[in-house]
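Visitor: How does the following fold in three dimensions:
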Amino acid sequence: MAAPPLSHDPLAELSETTAQPLRLAVQEVLSSPSFQRSPRLRQLLTYIADNTIKGDTDSLKEPIIGQRVFSRPANYSAAEDNIVRASVRQLRAKLDEYYSGTGANAAFRLTIPKGSYSLALVAAEPAHAAPSSRYFRRPLPLAALAAGFLLLLAGAFYLGRRSAPPLPGHSQPRCLLNLLDPSPGQRLLVVVPDADLQLYQNLSGRPVQLEDYINRQFLSPDGLRSLPRAVASVPGQFFDRELTQGFVLRLIPHFARVVPPSELSVRHPRTLSIKDFERDNALLISGPWGDPWVQLFDRTLNFQIIVDTSTHRTRIVNLHPRPGEQSEYYNFTDPSTKTMVCYARLAYLPGLSPGNRVLLAGGPHSASTEAASLFLTRVDSLDTILHLFHTGSPRSVPWFELLVEARAIGDAPWTMRIIASRAIATPTR
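Guide: Numbers count the residues shown, from 1 in each chain. All right, here's what the predicted structure looks like:
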């Protein structure tokens, strides 16, 4: 018996690290007002993107697109009915319109190369670029994204390796992030903040609980009532996007120096379910204000990130201060050095499945969250923890939480130190 036809080439399927930037770019386009008014083109772009990511080239042929997207019968003639070609031309024109207006500042752009029905990415040409730079606008094949668009998420890892190859016998120094080294079959789940959720809470003054976030209950008529009318009338344009904060892009290359990019899974909170935390070790880059999934793990911690919804001021509350510790820590500007002093919480906790582990890195400000995340990759961070808890092996490090103080110029942290710590005997949720 002949083997059944292959529906797609598994070798062409994009890795999660490679596919994630494409998904983000597609979501940016789909959430724009012009595409909100074009349901047929939204459906076409979504279909092309999904099958490009899966490497399903059979599904990207004109007759199949006609059947699955435009409900044409199985025996229709693509030569006589040009619905697919005409719609793809409209989609190309719509993408050009988007990137000349709303998406003019995008670093990378989606394109559908002529003669193809798959998506490609192209680096945006700077407005002042010389004509010769057009060479760099050629579409980047998605199969090559690991060497191209990966610059967005982990480029520093590759560039650093190329410019400074490791010496023979040299290994990457240990750091605190190694506590989450994936086991065989696992990946390190890196969860980034939800910028749209932060916008909602800032506008409404209402914190969102995990249960309401999962079922989108905060966008119910009652939840929208506290928003400005102009926002509440079109919530999809503000809260159906998968956006995060810009500092996250500075962090990913640091993580990729510690954990191979193929073992990193960078995810937006909206795309997650409880099963993701049961399967993989996880790093959550935020406090509960920016990522409600943090609430799964932090509700019984001593150092709590608190938001005053009346003033939108955030702070870290020390529930049980020890001698020499404060009960509250607010960010402030040091006039003597003109630097911002900010505070962040780090916590190392058991995951939802036996053997799984979780790190929380977050604070009341993007600079403090970035500082906590960077601390995880410092070459002295693991040795600092081993010394702090009087142990000689990472395997015997207890569950813990730390309060970290950082100094930042603008939003860029440049020094950080541990000012308080707690060992946790039996974490509870």
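Visitor: Now for this protein, the helix or strand with the poorest mean pLDDT.
Guide: Of all helical and strand segments in the chain, the minimum by mean pLDDT, DSSP states H and E falls on helix 150-163, at a mean of 36.
Visitor: pLDDT on the helix or strand that comes right after that one, on average?
Guide: Next helix or strand after helix 150-163 toward the C-terminus (DSSP states H and E): strand 188-191. Averaging pLDDT along strand 188-191 gives 96.
Visitor: for strand 188-191, packing partners?
Guide: helix 248-258, strand 264-267, strand 281-285 (3 or more Cβ pairs under 8 Å, 6 or more residues apart in numbering; DSSP states H and E). Every residue, glycine included, has its C-beta placed from N, CA and C.
Visitor: Tell me the helix or strand right after the last one.
Guide: Read it as strand 281-285. Using DSSP H and E, the first helix or strand after strand 281-285 is helix 295-298.
Visitor: Beyond that next one, next helix or strand please.
Guide: Note on helix 295-298: by DSSP H and E, the next helix or strand toward the C-terminus is strand 303-308.
Visitor: so how far is that next one from its chain's centroid?
Guide: 23 Å (Cα atoms, centre = their mean, to the nearest Å).
Visitor: One more: stretch 194-204?
Guide: 16 Å.
Visitor: Show me where the stretch 51-200 of the chain has its strands.
Guide: 108-111, 120-123, 188-191 (DSSP state E, counting those that start in this stretch).
Visitor: one step back: residue 180 is nearest to which of the helices and strands packed on strand 188-191?
Guide: strand 281-285 (4.3 Å; Cβ to Cβ).
Visitor: quick check: angle from that closest one to helix 248-258?
Guide: Put simply, strand 281-285 runs at 150 degrees to helix 248-258, going by axes from the mean of the first three to the mean of the last three Cα atoms, to 10 degrees.
Visitor: Could you list the buried residues of strand 281-285?
Guide: 281, 282, 283, 284, 285 (16 or more other Cβ atoms under 10 Å).
Visitor: Same question for stretch 201-208.
Guide: Buried-residue list, stretch 201-208, by 16+ other Cβ under 10 Å: 201, 204, 208.
Visitor: Surely the first one touches residue 287?
Guide: No. Distance between residue 201 and residue 287: 11.5 Å, which falls outside the contact criterion (Cβ atoms under 8 Å).
Visitor: that older thread, could you dump the strands of the stretch 51-200 of the chain to TSV with mean neighbour count and distance to residue 78?
Guide: Formatted as TSV, these follow (neighbours: other Cβ atoms under 10 Å; distance: least, Cβ to Cβ, whole Å):
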stretch	mean neighbour count	distance to residue 78
strand 108-111	21	22
strand 120-123	19	22
strand 188-191	24	42
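Visitor: who wins for proximity to residue 302 among these?
Guide: That would be, of the strands of the stretch 51-200 of the chain and by Cβ to Cβ, strand 188-191, which comes in at 22.3 Å.
Visitor: Quick check: residue 234 is in a helix.
Guide: No. Looking at residue 234 with DSSP: H, G, I helix; E, B strand; the rest coil, it is coil, so not inside a helix.
Visitor: number of nearby residues for the nearest residue to residue 271 once chain neighbours are set aside?
Guide: Nearest residue to residue 271, sequence neighbours excluded (Cβ to Cβ, 6 or more residues apart in numbering): residue 242, at 6.9 Å. When counting by other Cβ atoms under 10 Å, one arrives at 21 neighbours for residue 242.
Visitor: For residue 242, give me its contacts.
Guide: By Cβ atoms under 8 Å, 6 or more residues apart in numbering, the residues touching residue 242 are 23, 24, 27, 268, 270, 271.
Visitor: Against residue 370, how distant is residue 93?
Guide: Separation of residue 93 from residue 370 (Cβ to Cβ, to the nearest Å): 39 Å.
Visitor: quick one: which of the two has more around it?
Guide: In this view residue 93 and residue 370 are compared by other Cβ under 10 Å, and residue 370 has more residues nearby, 26 against 11.
Visitor: just to revisit the earlier point, nearest to residue 418 among the contacts of residue 242?
Guide: Scanning the contacts of residue 242 for proximity to residue 418, where the rule is Cβ to Cβ, the winner is residue 268, at 29.6 Å.
Visitor: what's that closest one in contact with, if anything?
Guide: Applying Cβ under 8 Å, 6+ apart, the residues contacting residue 268 are 24, 191, 192, 194, 242, 244.
Visitor: May I ask which two of these are separated the most?
Guide: 24 and 191 (14.4 Å).
Visitor: Closest to the centroid, which residue in the protein?
Guide: Centroid-nearest residue in the chain: residue 192, 4.0 Å away (criterion: Cα atoms, centre = their mean).
Visitor: give me phi/psi at that residue?
Guide: Main-chain dihedrals, residue 192, degrees, to the nearest 10: phi -100, psi 160.
Visitor: and the gap between it and residue 271?
Guide: With Cβ to Cβ as the criterion, residue 192 and residue 271 are 10 Å apart.
Visitor: do residue 81 as well
Guide: For residue 81, the distance to residue 271 - Cβ to Cβ - is 36 Å.
Visitor: for residue 232, same thing?
Guide: For residue 232, the distance to residue 271 - Cβ to Cβ - is 25 Å.
Visitor: higher neighbour count, the two?
Guide: A count of neighbours by other Cβ under 10 Å puts residue 232 above the other of residue 232 and residue 271, at 17 against 12.
Visitor: what stretches of this protein score poorly on pLDDT?
Guide: Applying pLDDT under 70 to the chain picks out residues 1-20, 107, 123-173, 309-312, 410-411, 427-429.
Visitor: Map the structural domains onto the sequence of it.
Guide: For the chain, automatic domain parsing gives the domain ranges 10-147, 176-194+242-424.
Visitor: Residue 51 contacts residue 64, doesn't it?
Guide: No. Residue 51 sits out of contact with residue 64 when judged by Cβ under 8 Å, with a separation of 9.1 Å.
Visitor: Helix or strand: which one has residue 377?
Guide: Per DSSP H and E: nothing holds residue 377, as it lies in no helix or strand.
Visitor: what's near enough to touch it?
Guide: 175, 176, 177, 254, 255, 257, 258.
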